[in-house]
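Participant: all I have is the shape, not the residue letters:
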């Protein structure tokens with residue numbers, strides 16, 4: 001082994017409990033075939049660090065040059081609200097060894113690292129906290145352990161016996177307590193999962209990171225668990241830490257609570273759902289044709305259109321469908337003229353028949369939505385699975401939204417209104433579905449060759465085409481778009497009216513075709529609730545009043561716990577929306593208009 005004499009040659013007495021120990025930062029030579037012939041990608045996620053980030057990036061560059069590594073640095077802005085991103089672009093925009101990526105919203109450190117990995121090209125990947133409390137000088141020691149122990153991942157550990165810490169007692173106690181919980185729940189062979197420096201072989205992350213669902217607090221646990229379940233060797237390394245955190249991801253009681261909640265959610269997904277046993281395809285880079293439907297042709301749609309045009313992904317084209325162009329130049333852009341009066345299904349069929357689509361995969365969205373930088377990077381591994389015909393994700397509020405939009409989002413995305421379709425608005429478990437949110441639907445082009453115009457919703461026609469070809473639809477929590485939601489009660493009312501009326505009509509059609517098909521939550525609950533309430537009204541009105549009253553008390557308390565006093569307004573709108581939904585569902589069910 002390259003470093004078999006390391007312990008003999010590098011021991012240093014640090015007077016730690018009278019024991020002869022190793023300095024985690026002691027220097028030695030990493031073999032040239034690792035340092036120079038392969039590349040190290042250093043992932044530095046950051047949030048609102050405009051005062052420190054430039055200095056820390058230069059420090060990282062200087063140390064990597066001193067260590068003589070072939071490297072790249074990926075800087076990931078996790079939705080900063082200060083000028084961090086702009087400062088970095090100005091300072092390092094021309095540096096070929098530095099890539100700067102920005103997540104539109106703050107989804108958490110885990111999501112930032114997933115973003116950074118997609119833009120990395122290195123054979124080895126280093127996760128490093130951008131505050132540099134853990135110095136890049138740890139890198140040689142981590143490589144020593146990786147090579148000597150033939151490890152796939154080397155995890156910095158504050159609980160390692162050779163770690164040198166200037167660290168508050170309460171933080172040590174928290175680390176030890178969390179270690180015990182993790183050991184009991186998962187049996188992981190590491191003592192400390194949360195230290196902000198980790199080294200991986202690229203192939204280890206290729207099979208594990210895409211399966212990670214947690215974006216924030218238990219990201220490390222979930223990643224290491226997936227590695228462990230895939231028989232990857234995980235080793236621990238000592239660290240030298242002088243605790244002085246004054247910026248970045250600080251730990252508050254709220255963070256601690258959410259970390260434990262996320263940790264037990266990982267346990268549930270692993271032991272109950274067997275979520276991490278799901279297949280994963282190769283990281284194939286498809287050519288995508290994004291078809292965008294314009295409706296209002298306003299500044300919002302124009303801005304959203306430019307965001308689709310400016311994605312970092314190299315292999316895609318954009319086709320705008322509408323009656324007029326936005327007059328924006330772009331080499332990967334086409335305009336397809338069609339009358340606005342035409343139904344979206346007919347517009348889509350016309351685009352397909354025009355022969356202008358070059359992509360292997362078609363992506364559909366309205367211009368009420370816009371993408372994040374990661375939008376096209378997350379789909380290839382799923383679409384390359386043989387039985388997958390189409391995939392989709394969910395929509396969320398953008399950062400800039402009105403107070404009523406937030407209310408609308410909570411109302412529309414609640415189980416009390418969306419039933420089993422809540423996955424269209426929230427990051428839930430990867431699963432097979434029968435209906436996708438049309439915004440952000442990916443479908444293999446080959447499955448659309450025989451598509452013809454029908455008097456149905458486009459999302460339902462897509463499902464039928466996929467099933468007809470022996471494939472399946474899947475929902476993935478890694479695919480999402482930002483979408484504007486109703487900004488006043490009139491818009492919310494129209495949304496509920498249109499959606500519930502359509503569901504009622506759809507329910508009637510399914511009963512005619514296949515009565516068993518209505519036994520899904522989005523149809524069964526409205527019908528079941530109505531029949532149940534009517535029965536109670538006829539049998540015992542006191543029980544009816546008690547049940548309805550108890551349900552709404554629970555609803556109000558539940559929303560207050562989740563959203564504070566704002567939850568009262570949300571609950572009121574949910575109650576109103578439920579009543580409207582039931583009424584218009586019935587109207588649609590008994591209406592015979594097309």
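Facilitator: Arrived safely, thanks for sending. Predicted model, so just to flag it, every value in this text is computed and none were measured.

Participant: run through who's touching stretch 266-285.
Facilitator: 185-186, 206-207, 210-211, 213-214, 218, 221-222, 225-226, 229, 314-315, 380-385, 388, 429-430 (Cβ atoms under 8 Å, 6 or more residues apart in numbering). Every C-beta, even on glycine, is put in place using the N, C-alpha and C of the backbone.

Participant: and if you look at stretch 377-385?
Facilitator: 118-119, 210, 279-286, 288, 313, 361, 388, 391, 442, 444, 474, 476, 478-479.

Participant: average pLDDT for it?
Facilitator: For stretch 377-385, the mean per-residue pLDDT is 90.

Participant: what about it, start to end distance?
Facilitator: Stretch 377-385 stretches 15 Å from its first residue to its last (Cα to Cα, to the nearest Å).

Participant: quick one: distance of that stretch to the chain centre.
Facilitator: In terms of Cα atoms, centre = their mean, to the nearest Å, the centre of stretch 377-385 is found 14 Å from the chain centre.

Participant: one step back: give the buried subset of the contacts of stretch 377-385 as a ChimeraX selection command.
Facilitator: Only the buried entries of the contacts of stretch 377-385 go into this ChimeraX selection, using 16 or more other Cβ atoms under 10 Å:
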select :118,119,210,280,286,288,313,361,388,391,442,444,474,476,478,479
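
Participant: re the thing from before, just the ones of the contacts of stretch 266-285 in strands?
Facilitator: Using DSSP state E, the subset of those located in strands is residue 388.

Participant: and the contacts of stretch 266-285, which are buried?
Facilitator: With burial judged by 16+ other Cβ under 10 Å, the buried subset of the contacts of stretch 266-285 is 185-186, 206-207, 210-211, 213-214, 218, 221-222, 225-226, 380-385, 388, 430.

Participant: could you list the domains of this protein?
Facilitator: 10-277, 288-487, 506-590 (automatic domain parsing).

Participant: quick one, which of those domains is nearest to residue 493?
Facilitator: Across those, residue 493 has its closest neighbour in domain 506-590 (6.9 Å, Cβ to Cβ).

Participant: quick one: end-to-end distance for the closest one.
Facilitator: Criterion Cα to Cα; first-to-last residue distance in domain 506-590 is 11 Å.

Participant: for stretch 428-439, same thing?
Facilitator: 17 Å.

Participant: and the helices in the stretch 101-250 of the chain?
Facilitator: Using DSSP state H, counting those that start in this stretch, the helices of the stretch 101-250 of the chain run over 109-118, 139-148, 169-186, 202-208, 219-229.

Participant: list the helices and strands the third one packs on?
Facilitator: In terms of contacts (3 or more Cβ pairs under 8 Å, 6 or more residues apart in numbering; DSSP states H and E), helix 169-186 is packed against helix 219-229, helix 253-271.

Participant: will you turn those into a markdown table that also has distance to residue 306 and mean pLDDT?
Facilitator: Shown next, in a markdown table, are the helices and strands packed on helix 169-186 (distance: least, Cβ to Cβ, whole Å; pLDDT from 0 to 100):
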| stretch | distance to residue 306 | mean pLDDT |
| --- | --- | --- |
| helix 219-229 | 31 | 92 |
| helix 253-271 | 35 | 81 |
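
Participant: reformat those as a markdown table; add distance to residue 111.
Facilitator: A markdown table is the format used below for the helices and strands packed on helix 169-186 (distance: least, Cβ to Cβ, whole Å):
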| stretch | distance to residue 111 |
| --- | --- |
| helix 219-229 | 8 |
| helix 253-271 | 13 |
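
Participant: any idea which of those helices is most buried?
Facilitator: helix 219-229 (a mean of 23; mean count of other Cβ atoms under 10 Å).

Participant: hmm, who's touching that helix?
Facilitator: If you take Cβ under 8 Å, 6+ apart as the criterion, helix 219-229 is touched by 108-110, 113, 152-153, 155, 182, 186, 188-190, 193-194, 198, 204, 207-209, 211-214, 234, 262-263, 266, 270, 276-277.
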